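> I'll drop the sequence and a predicted model, then ask my questions.
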Amino acid sequence: MNRFALPIALFALLVVVLAIGIKHSPDKGVIASPLIDKPAPQFSLPSLADATRTVSTTTLRGRWYLLNVWGSWCGTCREEHRMLLEVRRSGLVPLVGLDWKDDDAQARSWLAQLGDPYEVVAVDHDGRTAIDWGVYAAPESFLVNPQGIVVYKCMGELTPEVWEKEILPRLQKRQAATS
Amino acid sequence: MLPELGHFALILALLLAALQAFFGIGGAMLGRERWIAAVTPAVAGQFVMIATAVGCLVASFVGNDFSVLYVAENSNSALPLFYRVTALWGAHEGSLLLWILLLAAWTVAVSIGAARLPPRFAARVLGVLGVISVGFLLFTLATSNPFHRLVPAAPDGRDLNPILQDPALAVHPPILYTGYVGFAVAFAFACAAMLEGRLDQTWARWTRPWTTAAWGFLTCGIALGSFWAYYELGWGGFWFWDPVENASFMPWLVGTALIHSLAVTDKRGLFKSWTLLLAILAFSMSMLGTFLVRSGVLVSVHSFAADPARGIFILAFLVVMIGGALSLYTWRAPLLKSTAGFELGARESFLLFNNVLLVIAAATVFAGTLAPLISDALKLGTVSVGPPYFNPVFMLSMLPLLTLLSVGIHSNWKRGRLKDKQRTLLYTLVAAAVLACGVVFGIYSHGRMLTPVGATLALWIVLASLVDPIDRWRRGLSLSRAVVGMTVAHLGLALAALALTTVQSFTIEKDVALAPGASTSAGGYEFRFDGVRPLEGPNYDAVGATISVTRNGAPVTVLKPEKRHYWVQGNDKTVTNIEMHRGANILVALGDDLGAGRWSVRIQIRPLVSFIWLAALVMAIGGALAASDRRYRTARAPQAVSAGVATGDATP
């Protein structure tokens, strides 16, 4: 082998490392939330359907839920909506909406128009709760277990792929543990 | 309608790029004159198509067309017009489009400049640039289409990330990318030379001005990015060794080595295979930078788009381009023989050291950047590599580089006759040391061990590089732009070294909690907190603080840092306020509301920090001067450079 082949040999090695890097990146590509395996931040907010009632983390305790941050101003949320309706239909985990910095009337008409996948929607007008949860941009979804611990965070659209690869296995593990 | 037009224009551009690649390389290989004649029109057409696509996207941004997904995600109707235009490169898809536009612009420039080159060689250069363009256009159309429609349209956009709403960042990406992409020209020249087997030094002569120009842009781009991070991220640092910063710094280091190695190849016909390798490496580093930023392999503050599918595409593209070029190199480089020799102490040996040290520096940055990835791949756990690794390791290669520079510029080509210059070197070194120690101990009074060393080396470069030009000027001899450019760039480097030494040694940082009316002192200045007031901007609301700065009772300035809250994205942003006083930057950032009117405030005093960016500008001006030297503009430059110099092997 001549010495001029050394650069390409080193490059081949680098490609292998980068390829391994890509294979691992689904867990690294998303900005990891510091909330994972930590207690979910507390909130107590008015409900979208009835402003006199409150939605709070204390009442949600004791069962699994998927907190979905959305807003009627958010384009990707609209794309995501169909998937959320599927989740509701599956009945595997209740969806809790966090309506982020939104106009209540617009949010209500959005749900009336497109269908309401949520069991309950909390209204976060000033975005304080979203800051506590470290929301970067809507949509985002957090899977929370009965102990109130955040198990998984999905940045951006909840795609069928994320649902099957990330959320379903975690929910199935739950069933295995209880049965 | 406009987005579809843009999308269509982009597809046409891809076809034209493919034609350019095919006719350029194929035409030169088969010697078909007609094919070669078709290359330049393809280049022009491709540029027009890409410019049309960019124009369509800009129009969608300006017209608030939120039926375009990219616009809806990165703009908002409340966003000021200026940022609606610059939001074009606010995220992945648009950045890529900008990359492609700049590549097309460079290609047009090369096709105009190539009129002086042998037609076949020019066709090959343009053909290689066409291949690169095909890769990036395919990447955009397949994985990152910026014209994707959103049905139904969003009522309003998600807004541009607040930290990107800033004038410096509006110009940072275009300039940085111009530099990045500019190395594609050197890469194309090297590949064309290898394809043709024309491996004498002529290709180096043709490449030099392009490489120097690209290097100048890259220098400016990196400095702007650093400047932006300094005042915009609100942490007051100017360099974080963040993967994205490293991704732009590695091509800079390799590019700097390439500029010097090209000089040796051009003037003396030496280092020929090494120069080829560096030309490939410099652009490979640019592409690798794109890969690292865009694939999500490394997570960084800058990575807005992280997507494995894109990563796989770029990796495949890297394999084709870099792997292809390196295979060519493996095949062609053994044909090169250098017949000319040089003595130790000759300019060649100093430039060899320069190259070795710069490549070592690039390699250490590379290793540090990829270390987390490698350790993860080998399952050694997650490591993070930060300034504690980069700073000392980088200095280890930079200190000898600065030392050798002062000596090297006084050496002659071929012969190591340094004895004649001994006296000049000694005098300038002593003068620099006296001056440096005087400044360090006289003005600043304390310092670290390396402070006088760094200051001495920097001042030595200043004095040593001015000796010859002043001497020539006094004797009424003319100075070529290349020499003036080189001297200016070296002075810029010295300025950077001096500023970095001072900043690293004498920065004062202080975090304090202040109630209205309370004061604190730092670095001889008094800071009085006069309280906060609410403010409102076009797309945010904010609290602004007023802090009066005095020195020995005399007022210096009133600083007004802000803390903004952007409505749409719901993000907070710290807006620092910076004042220059006696060469030092006084920076104040507003932290958190601690209740009862008390706020946490961060105060920093960084002496000479502005000179780091000024130094980069000086270096870039040096590059521009050198690139515009007359000798590059003469048509079909004579092949033999100077009498008595062996020209190495002829083309096979």
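Everything's here; your move.
> and chain B, what are its domains?
Domain assignment for chain B, taken from automatic domain parsing, gives B:1-165, B:167-415, B:418-441+B:448-507+B:610-630, B:508-607.
> okay if I get those domains as JSON lines plus mean pLDDT, mean neighbour count and distance to chain A?
In short, each C-beta sits where N, CA and C put it, glycine included. Formatted as JSON lines, the domains of chain B follow (pLDDT from 0 to 100; neighbours: other CB atoms under 10 Å in any protein chain shown; distance: least, CB to the nearest CB, whole Å):
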{"stretch": "domain B:1-165", "mean pLDDT": "92", "mean neighbour count": "21", "distance to chain A": "4"}
{"stretch": "domain B:167-415", "mean pLDDT": "84", "mean neighbour count": "21", "distance to chain A": "3"}
{"stretch": "domain B:418-441+B:448-507+B:610-630", "mean pLDDT": "89", "mean neighbour count": "18", "distance to chain A": "27"}
{"stretch": "domain B:508-607", "mean pLDDT": "85", "mean neighbour count": "17", "distance to chain A": "4"}
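> average pLDDT across stretch A:86-98?
Stretch A:86-98 carries an average pLDDT of 91.
> residue 8: which element?
Since you didn't name a chain, this refers to chain A. helix A:6-29 (DSSP states H and E).
> that's the other chain; I wanted chain B
Counting by DSSP H and E, residue B:8 is found in helix B:2-21.
> that helix: how far from the chain's middle?
28 Å (CA atoms, centre = their mean, to the nearest Å).
> so what does it touch, helix or strand wise?
In terms of contacts (3 or more CB pairs under 8 Å, 6 or more residues apart in numbering or on different chains; DSSP states H and E), helix B:2-21 is packed against helix B:39-62, helix B:92-113, helix B:119-143.
> a markdown table for those, including distance to residue B:513?
Shown next, in a markdown table, are the helices and strands packed on helix B:2-21 (distance: least, CB to CB, whole Å):
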| stretch | distance to residue B:513 |
| --- | --- |
| helix B:39-62 | 42 |
| helix B:92-113 | 40 |
| helix B:119-143 | 48 |
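> of these, which approaches residue B:245 most closely?
Proximity to residue B:245 (CB to CB) singles out helix B:92-113 among the helices and strands packed on helix B:2-21, at 15.8 Å.
> quick one, strands of the chain?
Went with chain A since none was named. Remark: strands assigned in chain A by DSSP state E are A:44-46, A:54-56, A:65-70, A:95-100, A:120-124, A:140-144, A:150-155.
> that was the other one, I meant chain B.
B:508-514, B:519-522, B:525-536, B:540-551, B:554-559, B:562-566, B:572-575, B:577-581, B:584-595, B:598-607.
> mind checking these for the one nearest to residue A:101?
Nearest to residue A:101, of the strands of chain B and by CB to CB, is strand B:562-566 at 10.5 Å.
> residues in contact with the residue nearest the centre of chain A?
Centroid check for chain A by CA atoms, centre = their mean gives residue A:141 as the closest residue, at 1.5 Å. Contacts for residue A:141 (CB atoms under 8 Å, 6 or more residues apart in numbering or on different chains) come out as A:66-69, A:153-154, A:158.
> quick one on the thing from earlier: looking at the strands of chain A, which is buried most?
Compared across the strands of chain A, strand A:95-100 shows the largest average neighbour count, a mean of 25 (mean count of other CB atoms under 10 Å in any protein chain shown).
> circling back: pick the one among the contacts of residue A:141 closest to residue B:460.
Checking those one by one against residue B:460 (CB to CB), the nearest turns out to be residue A:153, at 54.3 Å.
> surely that closest one meets residue A:140?
Yes: between residue A:153 and residue A:140 there is a contact under CB atoms under 8 Å: 6.8 Å.
> need the overlap of contacts for those two.
With CB under 8 Å, 6+ apart as the test, residue A:153 and residue A:140 reach no residue in common.
> what angle sits between the helix holding residue B:8 and helix B:39-62?
160 degrees (axes from the mean of the first three to the mean of the last three CA atoms, to 10 degrees).
> helix B:2-21 to helix B:92-113, inter-axis angle?
40 degrees.
> please save the CA atoms from helix B:2-21 in PDB.
The C-alpha trace of helix B:2-21 is given here as PDB (Å, rounded to 0.1, in the frame of the first residue of the first chain):
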ATOM      1  CA  LEU B   2     -44.900  31.600  -6.300                       C
ATOM      2  CA  PRO B   3     -43.800  28.700  -4.200                       C
ATOM      3  CA  GLU B   4     -44.600  26.300  -7.000                       C
ATOM      4  CA  LEU B   5     -42.600  28.500  -9.400                       C
ATOM      5  CA  GLY B   6     -39.700  28.500  -7.000                       C
ATOM      6  CA  HIS B   7     -39.900  24.700  -6.600                       C
ATOM      7  CA  PHE B   8     -40.000  24.300 -10.400                       C
ATOM      8  CA  ALA B   9     -37.000  26.600 -10.800                       C
ATOM      9  CA  LEU B  10     -35.100  24.500  -8.300                       C
ATOM     10  CA  ILE B  11     -35.800  21.400 -10.300                       C
ATOM     11  CA  LEU B  12     -34.600  23.100 -13.500                       C
ATOM     12  CA  ALA B  13     -31.500  24.200 -11.700                       C
ATOM     13  CA  LEU B  14     -30.800  20.500 -10.700                       C
ATOM     14  CA  LEU B  15     -31.100  19.500 -14.400                       C
ATOM     15  CA  LEU B  16     -28.800  22.300 -15.500                       C
ATOM     16  CA  ALA B  17     -26.300  21.400 -12.800                       C
ATOM     17  CA  ALA B  18     -26.400  17.800 -14.000                       C
ATOM     18  CA  LEU B  19     -25.700  19.000 -17.600                       C
ATOM     19  CA  GLN B  20     -22.900  21.200 -16.400                       C
ATOM     20  CA  ALA B  21     -21.300  18.300 -14.600                       C
END
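> coming back round to it: ok, which of the strands of chain A comes nearest residue B:537?
Once the strands of chain A are compared by CB to CB, strand A:95-100 is nearest, at 20.8 Å.
> partner strands of that closest one, with direction?
Counting by DSSP bridges, the strands paired with strand A:95-100 are strand A:65-70 (parallel), strand A:120-124 (parallel).
> tell me how far that strand lies from the chain's centre.
That offset, for strand A:95-100, works out to 10 Å (CA atoms, centre = their mean).
> which non-adjacent residue is nearest the residue most central in space within chain B?
Note on chain B: the residue nearest the mean C-alpha position is residue B:218, at 3.0 Å, using CA atoms, centre = their mean. In space, and not counting its chain neighbours, residue B:218 is closest to residue B:179: 2.7 Å by CB to CB, 6 or more residues apart in numbering or on different chains.
> got the contact list for the one you found?
B:214-222, B:251-252.
> switch to 6 Å and redo it
By CB atoms under 6 Å, 6 or more residues apart in numbering or on different chains, the residues touching residue B:179 are B:214, B:217-218, B:221.
> what's the answer for residue B:333, then?
A:4, B:273.
> from residue B:127, how far out is it?
21 Å (CB to CB, to the nearest Å).
> can you check residue B:87 too?
Residue B:87 is 35 Å from residue B:127, by CB to CB.
> domain ranges for chain A?
Split by automatic domain parsing, chain A gives A:1-30, A:31-178.
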